[in-house]
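Participant: With the sequence up front, the predicted model follows.
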Amino acid sequence: MLHSHILFASFLVPQCRAIMGICVVKVWLLKLFIISQTMNNKDGILVPQQDKSMIVPVTIIFVVLCGFSFYMGIIFCSEKDRFLSIYGQISIGSPKESSISPLQIKYISFPECSIDFQDYTPCTDPRRWKKYISRQPTLLERHCPPKSERRECLIPPPDGYKPPITWPKSRDECWYSNVPNEWINKQKSSQHWLKKEGEKFIFPGGGTMFPNGVGKYVDLMQDLIPEMKDGTIRTAIDTGCGVASWGGNLLDRGILTLSLAPRDNHRAQIQFALERGIPAILGVISTQRLPFPSNSFDMAHCSRCLIPWTEFGGTYLLEIHRIVRPGGFWVLSGPPVNYKRRWRGWNTTIEAQTSDYEKLQELLTSMCFKMFKEKGDIAVWQKSEDNNCYNKLVRDTYPPSCDDGIEPDSAWYTPIRPCIVVPDPKFRKLGLSSISKWPERLNVPPERLSMVHRGSAKAFKHDNSKWKKQSAYYKKLIPELGTEKIRNIMDMNTAYGGFAAALINDPVWVMNVVSSYASNTLPVIFDRGLIGTFHDWCEAFSTYPRTYDLLHLDGFFTAESHRCEVKYVLLEMDRILRPNGYAVIRESIYFTDAITTIGKGMLWECHKEDTENGSSLQKILVCHKNLWYSSNHHSR
């Protein structure tokens, strides 16, 4: 029956408060009983009763029940690892003698999807856009299909798909057959985003606002922001990123950039970025918060990203303000910056650009941004380092400070509110000038650990140590890990980003995913100088097919299988995993056989390995996704 306890652990934890609250109710009832036995209301006056024979026995019973409630509360409130360890201690004998009966699933052979679905992004599917027509680009936000419309088929690669070019060469070129997008080639080749040469796309590093190349553009930006050179700035977000040349250039400068763009008329921007080996995710600033906690990025950037910053009451700027940490920078190049010289080339009037720039300045000032530096086409604003500016804001001015109605870090299907998220003043080392510089900050326990249940410096250091050992073991199981053959990695249910930290000296980057239903550890990850996102794995991830080389899960199905069907999670993993890529799944032995069966139906090859410590409760599945091609080109 051990597997039943493991399954119950994931949904018993939310009930712990109710269980432990039973004791409070019992104490209250005991108090009423004693009062009723010792006092009698007579003519409105309370007087002692004479019969006290029942008080002592009943008191003992209540105390015993209260103690039992606290005991049960402690057990049910334990987190997953704690829960498993309790039962691990009472499990006697070898794994063969364990009482766990593995979950059995009947073999299913999944069919191919139509070739029309080779670039299928379920939650940002253009086929569904007509349902979401609006002045704001809400149609570009996440709109996931209901369960009845989910695809239970395998996404085919394009004809002629080849193993991706390895890093760092991939930053400058990729196979045309892997991202066969002729439209973007015709539209953007004149702006030097990319150009087709033979069988490859070449990325010259150009862009609308940096015709002389992204290198010179970033050089100028570093002259304006010296903090980009000394490890002060580590994390950045590029909104409207194009093919992510800006983020790609910053990698050699020690700055980790998450490039962001929607699936719009430019189509495969994010797919190109990930094919190049540059961190990227599908997303758009519209009516919903971006899936990141507040005060996360050291810098935000927009290079002619065509976001209407001054429309809708400046709500898009308010979201930038929320995700940039105190003292962080917002960089804008393009309209309306340098409008006095550029307006004729922007298909507008000088009066319109003058008004837009003045409104932009006014909005940024009202949000406690100040002009930092401006030169040529680049303008830099800095977010207030402390709360003095927010304390001076007048209550009846726009935008107001947010009340406590929505948690500042709530960012999964959370509406953008027309108010300023003021940083919590209790965190004194949250600001850019206070937080440790890179690379020291990777291993410094962040202040925001105190927000995490059971978060402490000791737990943080233990997590670091554990993942150094486990990642070294993974490299023995998968010799390609740590080489140029594996570049894009996703840790699908991380805690503190320990796996990413352990791989920091390898030629990889890691997308750290924190479940929207789990404890919020994502602020800790960003404070370490790593990147990540919130996500609910009952839905599809915001990326294109074939964009990750390795997916990692640690006890995910034990924690979430009561919400997310195993089959659909694995099909989504197959969608985003590159052919010849790997999935590393640490899981209870209750699930491993079922996962292997489903994997076989997806044309995966999985083999079971012991964990590095030889646990009798957990095993490691190493699964390899085979390369296959579509057998037809017609819709089914």
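Facilitator: Everything's here; your move.

Participant: Who is the residue nearest the centre of the chain paired with across the strands?
Facilitator: Centroid-nearest residue in the chain, with Cα atoms, centre = their mean: Thr533, separated by 1.2 Å. On the basis of DSSP bridges, Thr533 is bridged to Val513.

Participant: tell me the contacts of Phe201?
Facilitator: Contacts for Phe201 (Cβ atoms under 8 Å, 6 or more residues apart in numbering) come out as Glu173, Cys174, Trp175, Tyr176, Val179, Asn185, Leu194, Lys195, Phe272. Where you see a C-beta, it was placed from the backbone N, CA and C, and this is true even at glycine.

Participant: So which of those belong to strands?
Facilitator: Secondary structure of these is defined by DSSP state E; positions in strands are Glu173, Cys174, Trp175, Lys195.

Participant: picking that back up, separation between the residue nearest to the centre of the chain and Glu319?
Facilitator: Thr533 sits 15 Å away from Glu319, going by Cβ to Cβ, to the nearest Å.

Participant: And Ser245, by the same measure?
Facilitator: 24 Å.

Participant: Between the two, which is the more surrounded one?
Facilitator: Ser245 (32 against 22; other Cβ atoms under 10 Å).

Participant: Would you confirm that the more buried one contacts Thr208?
Facilitator: No - counting by Cβ atoms under 8 Å, Ser245 stays clear of Thr208, with 11.0 Å between them.

Participant: What backbone torsions are found at Gly328?
Facilitator: Dihedral angles of Gly328 (phi, psi; degrees, to the nearest 10) stand at phi -80, psi 170.

Participant: Could you tell me which residues make contact with it?
Facilitator: Ile233, Phe297, Asp298, Met299, Ala300, Gln382, Lys383, Leu432.

Participant: quick revisit: buried ones only from the contacts of Phe201, please, as a PyMOL command.
Facilitator: Selection of buried members from the contacts of Phe201 for PyMOL, criterion 16 or more other Cβ atoms under 10 Å:
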select buried, resi 173+174+175+176+179+185+194+272
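
Participant: Which of the contacts of Phe201 scores worst on pLDDT?
Facilitator: Least confident by pLDDT among the contacts of Phe201: that is Asn185, with 63.

Participant: Now for Cys402: which residues touch it?
Facilitator: Pro408, Arg417, Cys419, Ile420, Val421, Val422.

Participant: Determine the number of other residues adjacent to the third one.
Facilitator: Okay, so that is Cys419. 17.

Participant: So what does it look like in phi/psi?
Facilitator: phi -150, psi 160.

Participant: Kindly report the same for the fourth one.
Facilitator: Per-residue torsions, Ile420: phi -90, psi 130 (degrees, to the nearest 10).

Participant: got it, and Glu609?
Facilitator: Dihedral angles (degrees, to the nearest 10) for Glu609: phi -130, psi 150.

Participant: what's the nearest residue to it if we skip its chain neighbours?
Facilitator: Ile620 (4.5 Å; Cβ to Cβ, 6 or more residues apart in numbering).

Participant: before we move on, which element is the one you found in?
Facilitator: Assigned by DSSP states H and E, Ile620 falls within strand 618-625.

Participant: Give me the sheet partners of that strand and which way each runs.
Facilitator: Paired strands of strand 618-625, with direction, are strand 577-588 (antiparallel), strand 604-609 (antiparallel) (DSSP bridges).

Participant: residues in contact with that strand?
Facilitator: Contacts to strand 618-625, defined as Cβ under 8 Å, 6+ apart, come from residues 84, 477-478, 555, 574, 577-589, 592, 595-596, 599, 602-611.

Participant: Let's see that with 6 Å instead.
Facilitator: 477, 577, 579, 581-586, 589, 592, 595, 599, 604-609, 611 (Cβ atoms under 6 Å, 6 or more residues apart in numbering).

Participant: Equivalent analysis for stretch 331-350, please.
Facilitator: Contacts of stretch 331-350 (Cβ under 6 Å, 6+ apart): Met209, His301, Cys302, Ser303, Arg304, Gln353, Asp356, Tyr357, Asp377, Ile378, Ala379, Val380.

Participant: Just give me how far it sits from the chain centre.
Facilitator: 34 Å (Cα atoms, centre = their mean, to the nearest Å).

Participant: end to end, how far does that stretch reach?
Facilitator: Chord length of stretch 331-350, first to last residue, is 22 Å (Cα to Cα, to the nearest Å).

Participant: ok, which stretches of the stretch 251-400 of the chain are helices?
Facilitator: Using DSSP state H, counting those that start in this stretch, the helices of the stretch 251-400 of the chain run over 269-276, 315-323, 339-342, 350-366, 388-392.

Participant: With the stretch 101-250 of the chain instead?
Facilitator: 182-188, 214-224, 245-251.

Participant: Could you identify which of those helices is most buried?
Facilitator: Among those, helix 245-251 has the highest mean neighbour count (mean count of other Cβ atoms under 10 Å), at a mean of 25.

Participant: picking up where we left off before, look up how far Glu362 lies from the residue nearest to the centre of the chain.
Facilitator: Taken as Cβ to Cβ, the span from Thr533 to Glu362 is 32 Å.

Participant: In contact with Phe534, which residues?
Facilitator: So Phe534 contacts Pro291, Ala411, Trp412, Val514, Ser516 (Cβ under 6 Å, 6+ apart).

Participant: What pLDDT is listed against it?
Facilitator: 98.

Participant: ditto for Leu46
Facilitator: The score at Leu46 is 32. That number is its pLDDT.

Participant: cool, Arg304 as well?
Facilitator: At Arg304, pLDDT is 87.

Participant: tally of neighbours for the closest residue to it other than its chain neighbours?
Facilitator: Leaving aside its sequence neighbours, Arg304 sits nearest to Gly334 (Cβ to Cβ, 6+ apart; 3.2 Å). Gly334 sits with 22 neighbouring residues when counted by other Cβ under 10 Å.

Participant: The one 10 residues further on too?
Facilitator: When neighbours are defined as other Cβ under 10 Å, Arg344 has 10 of them.

Participant: how much space between it and Pro126?
Facilitator: Taken as Cβ to Cβ, the span from Arg344 to Pro126 is 34 Å.

Participant: do the same with Leu251
Facilitator: For Leu251, the distance to Pro126 equals 31 Å [Cβ to Cβ].
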